[in-house]
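1. any chance you could fold what I've pasted below:
(one chain, ligands or ions: 1)
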Amino acid sequence: MPRPIVEITHVQEFSAAHRLVSAHLSEQENRELYGPCFTDHGHNYSVEVTVRGPVEPETGMVMDLNRLSRLVVERIIARVDHRHLNHDVPFLKGTITTAENVAVAFWDELEPALRAFKGCKLYRIRLNESRANRAEYYGPETAASRSSSRSSSRSSAKTRSAKG
Ligand code: NI
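-> Numbers count the residues shown, from 1 in each chain. I've put the predicted structure just below:
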């Protein structure tokens, strides 16, 4: 009998400062585009990390959520919590710190570490910037197809690739 495929999600919160500024635009253009987000401000973010895979009959789990939690803290939270995303986080260097770009960067930090866990795969990074605004990233290979098949059923922002 085929093993059921299940998605499991771990959620962590962090607080960070950032500002939105594009090197491709003049100061005036940046101000007009980003408005109040052009100046330093902060968010109480939450990041939802979803892993997908078969339920192992021996353990009843897709992946040990405690191990996933440790990975998320180690790879992401410890490096962004109470930091300025534009200045203090090496893996965001040169990135416009929109929710879209930060979600993609989180994927790139976490996905290699999850390859060690046989069978399961990183499925989605959802970054909630506030109650109103969030971005979701499904990885480089499947992003285009998922984006088109899901866009009608969800209202949240979809991220296909890094963009400003
Ligand atoms: Ni902001």
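
2. can you tell me the SS state at residue 100?
-> Assigned with DSSP: H, G, I helix; E, B strand; the rest coil, residue 100 falls in the helix class.

3. one more: residue 8?
-> strand.

4. how close does the residue nearest to it when sequence neighbours are not counted sit to residue 11?
-> Spatial nearest neighbour of residue 8, excluding adjacent residues (Cβ to Cβ, 6 or more residues apart in numbering): residue 62 at 5.0 Å. For every residue, glycine as well, the C-beta is placed using N, CA and C. Distance of residue 62 to residue 11, computed by Cβ to Cβ, to the nearest Å: 16 Å.

5. okay, now residue 60: neighbour count?
-> For residue 60, the count of nearby residues is 7 (other Cβ atoms under 10 Å).

6. tell me if it really is in a helix.
-> No. Counting by three-state DSSP, residue 60 is not found in a helix; it is coil.

7. among residue 62 and residue 11, which residue is more densely surrounded?
-> Legend: neighbour count by other Cβ under 10 Å for residue 62 and residue 11, higher for residue 62 (23 against 13).

8. quick one: residues contacting the more buried one.
-> 6, 7, 8, 51, 52, 53, 54, 55, 56, 119, 120 (Cβ atoms under 8 Å, 6 or more residues apart in numbering).

9. who does the third one bridge with?
-> Translated: residue 8. Counting by DSSP bridges, residue 8 forms beta bridges with residue 51.

10. out of the contacts of residue 62, which end up buried?
-> Those of these that meet the buried threshold are 8, 51, 52, 53, 120, by 16 or more other Cβ atoms under 10 Å.

11. next SSE after the one helix or strand residue 69 maps to?
-> Using DSSP states H and E, residue 69 falls within helix 65-72. As assigned by DSSP H and E, the chain's next helix or strand after helix 65-72 is helix 78-80.

12. that following helix: how far from the chain's middle?
-> 13 Å (Cα atoms, centre = their mean, to the nearest Å).

13. for that helix, packing partners?
-> Counting contacts by 3 or more Cβ pairs under 8 Å, 6 or more residues apart in numbering; DSSP states H and E, helix 78-80 packs against no other helix or strand.

14. which residues touch it?
-> Residues contacting helix 78-80 (Cβ under 8 Å, 6+ apart): 14, 16, 89, 90, 91, 109.

15. OK, contacts around the residue most central in space within the chain?
-> With distances taken as Cα atoms, centre = their mean, residue 103 lies nearest the centre of the chain, 2.8 Å away. Going by Cβ under 8 Å, 6+ apart, residue 103 touches 125, 126, 127, 135, 136, 137, 159.

16. brilliant, that's me finished.
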